[in-house]
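> Please work out how this folds:
(one chain, ligands or ions: 1)
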Amino acid sequence: MTDKHIGDLPSHGAPSKSIADLLQKLSLGEELTADQKKEMKDYKFWKTQPVPKLDESVLTEGPIEKDKKVEDIPSEPYPILSQFEWVTLDLSDEDDMDQLYKLLYEHYVEDHDSTFRFAYSRDFFNWALKPPGWREDWHVGVRVKGTKRLVAFISGVPATLRVRDQEMKAVEINFLCVHKKLRNKRLTPVLIKEITRRVNRCGIWQALYTSGTLLPSPVSTCRYTHRPLNWEKLYDVGFSALPEGVTKSQMLSRYALPSSTKTKGLRKMEEKDVEDVLSLYSKFQSRFDMSQVFSKEELSHWLLGDANERSHADDKRVVLTYVVENDEGRITDFVSFYVLPFTVIDNARHDKLGVAYLYYYATEEGLDGGRFDPASVKVVTKRLESLISDALVLAKNIGMDVFNALTSQDNVLFLDDLKFGPGDGFLNYYLFNYKAYPISGGVVNKEYDMDKRSGVGVVML
Ligand SMILES: CCCCCCCCCCCCCC(=O)SCCNC(=O)CCNC(=O)[C@H](O)C(C)(C)COP(=O)(O)OP(=O)(O)OC[C@H]1O[C@@H](n2cnc3c(N)ncnc32)[C@H](O)[C@@H]1OP(=O)(O)O
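Numbers count the residues shown, from 1 in each chain. Model (predicted):
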């Protein structure tokens, strides 16, 4: 790694190398060294796909393959080696759900020393994989024929994307995973071709996906940042070290948070708020180059979850959303985060670590002056600082130990002030079968890009 200690901020006493490492793994972020960088010709699979070449300068935006027709897409699954078979997972079936859980639990994160694992839950999968319009045949698995054991998975969910002024029906691809024993056997291209076929059969030709791995060719790259909420616990489990010359109590006071929120009128979002939140969301997101266009049903799903999710106590939820209602009863702001804890293995004191991820937010304050008007920037910054610091308090109060955010949306406006430390991990955003001019990821030369900020509005799980 070129900049191995980028996650250390000894001068601030911010996250140590080990927590940066941990969180990088959690986010699947990856930093490439020069000798890891492949050339386009070496991407044996990706060079055959409708994606921009590495370093290609995009001259016009739009689809790469334009004239594809559903009737030309094979109706039969893509051929697979004879010892394997395709399976469509039925997530309402306990067995299928357990197999997916097990595959991702054991194989999704590269964890060489087995100290932690994603603690995925049924609720998380139901939220992430069953938004309005979801299709079972986009939950694609590969099984060993003989044993019926699930050894690979890829999923897609429907989404309407906007890239600058173009809206498109698309899918978001996620949870690609191949069993560790079957790595480097070219199963990934087969999974991607099969899900492409299944999506194309529905007349959808574009996709959005993210990865820490460098592939041809990112439309944007954001950086991960991490805000310790419970520094002592992170320290206890060995993920956070004490920077030289700093005492434990200095670290504790650095990351101390008030016990209650301070924004007047802040409350949990309810179904009755959906319309107001949608209009605020849409207005706020229109400022970004790439965002997801939500219907009311989609917004309700992504911010409130399904009926089962809504019945849970706060500390059992996978997504939490809060609104600010002013004295006239108008919704002026909202903020949300989702929760994906992980299991700590072989630690005497703790077996779970709570990890929250900043999700969508918006404020109506400072929106009218334009995104880069200095006076408006000041107003938005101030408002977001108090909104997001309330989110930190809320997350801490339901047992979260660390709060992650990317440099996307308007996050760089508040990251430093709210004591998020930059991590080692970077996340690349990719569009399939669509060329777009580069979109700012909120970082230049690894530093926060305070001038351009990020054009990425969409948040991928
Ligand atoms: C219109 C509809 C379109 C729908 C499809 C849109 C595209 C969706 C694309 C998928 C979006 C997924 C979004 C997420 O979920 S990103 C999360 C990915 N998952 C993990 O990191 C979990 C742990 N890792 C694994 O399970 C395996 O290492 C994976 C499965 C990642 C690779 O397994 P393995 O190491 O055994 O490799 P192989 O021998 O089978 O195959 C080698 C080929 O695969 C290319 N490769 C490696 N990693 C990735 C990657 N993350 N995205 C795309 N391609 C990747 C690689 O460059 C090479 O191609 P080429 O270099 O020769 O060209």
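
> switch to C-alpha atoms for all contacts and neighbour counts from now on
Will do.

> in the sheet, who's paired with the closest residue to Tyr359 other than its chain neighbours?
Leaving out its chain neighbours, the residue that sits closest to Tyr359 by Cα to Cα, 6 or more residues apart in numbering is Phe337, at 4.6 Å. Beta-bridge partners recorded for Phe337 (DSSP bridges): Leu320, Leu358.

> can I assume Phe337 is in contact with Ile388?
No. Phe337 is beyond contact range of Ile388, at 9.9 Å (criterion: Cα atoms under 8 Å).

> For those two, indicate the residue with more neighbours.
Phe337 (24 against 21; other Cα atoms under 10 Å).

> Tell me how far the more buried one lies from Leu320.
6 Å (Cα to Cα, to the nearest Å).

> do the same with Thr147
39 Å.

> These two - which one has more neighbours?
Neighbours per residue, other Cα under 10 Å: of Thr147 and Leu320, the larger number sits with Leu320, 25 against 9.

> measure the more buried one to Gly156 for me?
In terms of Cα to Cα, Leu320 sits 23 Å off from Gly156.

> And for Val199?
Distance from Val199 to Gly156, by Cα to Cα: 8 Å.

> These two - which one has more neighbours?
The residue with more neighbours, out of Val199 and Gly156, is Gly156; 29 against 24, by other Cα under 10 Å.

> Validate this expectation: that one resides in a helix.
No. Judged by DSSP: H, G, I helix; E, B strand; the rest coil, Gly156 forms no part of a helix; its state is strand.

> Spit out the contact partners of the residue nearest to Met400 when sequence neighbours are not counted.
Counting by Cα to Cα, 6+ apart, the nearest residue to Met400 once its immediate chain neighbours are dropped is Gly354, at 4.1 Å. Counting by Cα atoms under 8 Å, 6 or more residues apart in numbering, Gly354 makes contact with Val339, Leu340, Pro341, Phe342, Gly399, Met400, Asp401, Val402.

> Scan the chain for its longest helix.
helix 374-397 (DSSP state H).

> Centre of the chain to the helix or strand just after that one, how far?
Per DSSP states H and E, the first helix or strand lying C-terminal to helix 374-397 is strand 402-406. Taking the mean of its C-alpha atoms, strand 402-406 sits 10 Å from the chain's own mean (Cα atoms, centre = their mean, to the nearest Å).

> got it, and stretch 118-138?
Counting by Cα atoms, centre = their mean, stretch 118-138 comes out at 14 Å from the chain centroid.

> Can you give me the domain assignment for the protein?
Following the TED database, one finds the domains of the chain at 53-211, 220-448.

> now the end-to-end length of the shortest one.
Separation of the first and last residues of domain 53-211 by Cα to Cα is 17 Å.

> could you give me the average pLDDT of it?
What domain 53-211 shows for mean pLDDT is 94.

> For the ligand, tell me whether it is touching it.
Yes. Applying Cα under 6 Å from any ligand atom, one finds domain 53-211 in contact with the ligand at 108-109, 173-178, 183-189, 192, 195-196, 199-200, 204-207, 209-211.

> How about stretch 454-461?
No. For stretch 454-461, no contact with the ligand is found by Cα under 6 Å from any ligand atom; the gap never falls below 9.6 Å.

> Can we start the residue count at 461 from this point?
Renumbered: residue one is now 461, and that last one reads stretch 914-921.

> residues making contact with that stretch?
Residues contacting stretch 914-921 (Cα under 8 Å, 6+ apart): 588, 634, 669-670, 680, 745, 747-752, 819-820, 867-870, 899-903.

> Which positions in it come out as buried?
For stretch 914-921, the neighbour count (16 or more other Cα atoms under 10 Å) marks Ser914, Gly915, Val916, Gly917, Val918, Val919 as buried.

> Could you spell out the sheet neighbours of whatever helix or strand Arg577 lives in, each with its direction?
Here Arg577, judged by DSSP H and E, is contained in strand 576-578. If you go by DSSP bridges, strand 576-578 pairs up with strand 802-804 (antiparallel).

> Which residues does the partner strand contact?
Thr575, Phe576, Arg577, Phe578, Ala579, Tyr580, His810, Asp811, Lys812, Leu813, Gly814, Val815.

> Of these, which pair is most distant in space?
Spatially, the most separated pair among these is Tyr580 and His810, at 17.5 Å (Cα to Cα).

> Now the stretch 811-921 of the chain against the ligand: closest residue?
Closest contact between the stretch 811-921 of the chain and the ligand, by Cα to the nearest ligand atom, is at Phe892 (5.4 Å).

> Val784 versus that residue, what's the distance?
Taken as Cα to Cα, the span from Phe892 to Val784 is 37 Å.

> what's the answer for Glu566, then?
In terms of Cα to Cα, Glu566 sits 40 Å off from Val784.

> Mind telling me what element Val602 is part of?
Counting by DSSP H and E, Val602 is part of strand 599-604.

> Parallel or antiparallel, list what pairs with that strand.
When DSSP bridges is applied, strand 599-604 pairs with strand 544-548 (antiparallel), strand 610-623 (antiparallel).

> Name the stretch among these that sits most buried.
strand 610-623 (a mean of 23; mean count of other Cα atoms under 10 Å).

> quick one on the thing from earlier: just the buried ones out of the contacts of strand 802-804, please.
Here, 16+ other Cα under 10 Å leaves Thr575, Phe576, Arg577, Phe578, Ala579, Tyr580, Lys812, Leu813, Gly814, Val815 buried among those.

> Verify the contact between the last one and Phe863 for me.
Yes. Using Cα under 8 Å, Val815 is in contact with Phe863, at 6.0 Å.

> No further questions, thank you.
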